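S.K.: compute the structure for the input listed below.
(chains A, B, C and D)
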Number of protein chains: 2
Amino acid sequence: MAKQAASKGRTVRGSRTGRPIMALLDLLGRRWSLRILWELRAKPLTSRGLRTACDEASPTVLQARLTELREAGFVELGETGGYGLTALGRELCETFMPLHRFAERWKKS
Amino acid sequence: MAKQAASKGRTVRGSRTGRPIMALLDLLGRRWSLRILWELRAKPLTSRGLRTACDEASPTVLQARLTELREAGFVELGETGGYGLTALGRELCETFMPLHRFAERWKKS
DNA sequence: CGTGATGCTACAAATAATGTAGCATTCTGC
DNA sequence: GCAGAATGCTACATTATTTGTAGCATCACG
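M.R.: As a prediction, the model looks like this:
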């Protein structure tokens, strides 16, 4: 695809439009992205803990997503071991926290 | 993968946990799902209009996502032609509408 | 009828994800 | 210090998903 992000990783689809919402939607629309943020919402998790929380998703994707999310500034690898949300990440997480309530209502149909 | 949804399409990863939020996160975490909902937020679009709006995404995925989103009850194909959000879909869309504002803040970093 | 738009499908090629195994590097407790 | 366990992370073959392009059948309009 030969696309390079401004910094380094791979580009986020839609980012070329210059509309940040597109970049964000694409980043979050990748497999496990939302799930990872969700699982980290309460407390940091080690890479292995996260893997367990994510239904044993393969470490390959998890690592890839983690890298992307770190580059985006939503996740960080703390000194004390384990991945955690940054302030920005926590903000993002709260943004779609209402999804939980929605999901509950949704299943009843 | 040999997974079948209760009704027909393919299962949503995480749905086996019985936690609806997982099913929702997986569904929305598929490529173009979030984008489709986003593009339909204002008004219904024809399949081709949607394709244009989605940066010429391939009709194959678009069609697949559209089917999934329809089965989930978020999107419907109106009589008058064109795909639109259902009441539920509109609700969902508003749920992550704050993402827009967040994205704007996000890019400034 | 012809033109154009619609929803949708086929299918090969390209990409991404899965599942296992395993590496190098810290942390432990002894 | 050092065996043992846990950490972050990578390799790689298999499988699944996405892309890109072409094209079908149907319907509305003129």
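S.K.: pLDDT score for A:V12?
M.R.: You'll see A:V12 listed with a pLDDT of 61.
S.K.: what of A:F102?
M.R.: So A:F102 comes in at 95 (pLDDT).
S.K.: what distance do you get for it to B:I36?
M.R.: From A:F102 across to B:I36, the span is 17 Å (C-beta to C-beta, to the nearest Å). Heads up, the C-betas are built off the backbone N, CA and C, glycines and all.
S.K.: show me where chain A has strands.
M.R.: Assigned strands in chain A, in chain order: A:75-77, A:83-85 (criterion: DSSP state E).
S.K.: what comes up buried for the first one?
M.R.: Spelled out, it's strand A:75-77. A:75-76 (16 or more other C-beta atoms under 10 Å in any protein chain shown).
S.K.: pick out the residue closest to the middle of chain A.
M.R.: Geometric centre of chain A, nearest residue: A:S33, 3.6 Å, by C-alpha atoms, centre = their mean.
S.K.: more crowded one of A:F102 and B:I36?
M.R.: B:I36 (29 against 19; other C-beta atoms under 10 Å in any protein chain shown).
S.K.: residues in contact with the residue nearest to the more buried one when sequence neighbours are not counted?
M.R.: Leaving out its chain neighbours, the residue that sits closest to B:I36 by C-beta to C-beta, 6 or more residues apart in numbering or on different chains is B:R65, at 5.6 Å. Contacts here follow C-beta atoms under 8 Å, 6 or more residues apart in numbering or on different chains; on that basis B:R65 touches B:30-33, B:36.
S.K.: same deal with A:G78?
M.R.: A:G78 neighbours (C-beta under 8 Å, 6+ apart): A:44, A:84.
S.K.: return the distance of it relative to chain B.
M.R.: Applying C-beta to the nearest C-beta, to the nearest Å, the value for A:G78 to chain B is 19 Å.
S.K.: can you check the pLDDT for that residue?
M.R.: A:G78 is given a pLDDT of 90.
S.K.: for chain A, what lies in contact range of DNA strand C?
M.R.: A:1, A:10, A:30-32, A:56-61, A:64, A:81 (C-beta under 7 Å from any atom of the strand).
S.K.: let's see 6 Å
M.R.: A:1, A:30-31, A:57-61, A:64 (C-beta under 6 Å from any atom of the strand).
S.K.: for ChimeraX, what selects the buried ones among those?
M.R.: Buried subset of these, written as a ChimeraX selection, criterion 16+ other C-beta under 10 Å:
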select /A:30,31,57,64
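S.K.: can you list the residues of chain A next to DNA strand C in CSV and add pLDDT?
M.R.: Below are the residues of chain A next to DNA strand C laid out as CSV (pLDDT from 0 to 100):
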residue, pLDDT
A:M1, 32
A:R30, 95
A:R31, 95
A:A57, 95
A:S58, 96
A:P59, 97
A:T60, 97
A:V61, 97
A:A64, 97
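S.K.: turn the residues of chain A next to DNA strand C into TSV, including distance to chain B.
M.R.: Formatted as TSV, the residues of chain A next to DNA strand C follow (distance: C-beta to the nearest C-beta, whole Å):
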residue	distance to chain B
A:M1	13
A:R30	7
A:R31	6
A:A57	9
A:S58	12
A:P59	17
A:T60	16
A:V61	11
A:A64	14
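S.K.: sorry, back to before: so who does the residue nearest to the centre of chain A touch?
M.R.: A:27, A:65, A:68-69, B:29.
S.K.: do you know the pLDDT at the nearest residue to A:R35 once chain neighbours are set aside?
M.R.: Of all residues not flanking A:R35 in the chain, B:L25 sits nearest, at 5.2 Å (C-beta to C-beta, 6+ apart). Listed pLDDT for B:L25 reads 93.
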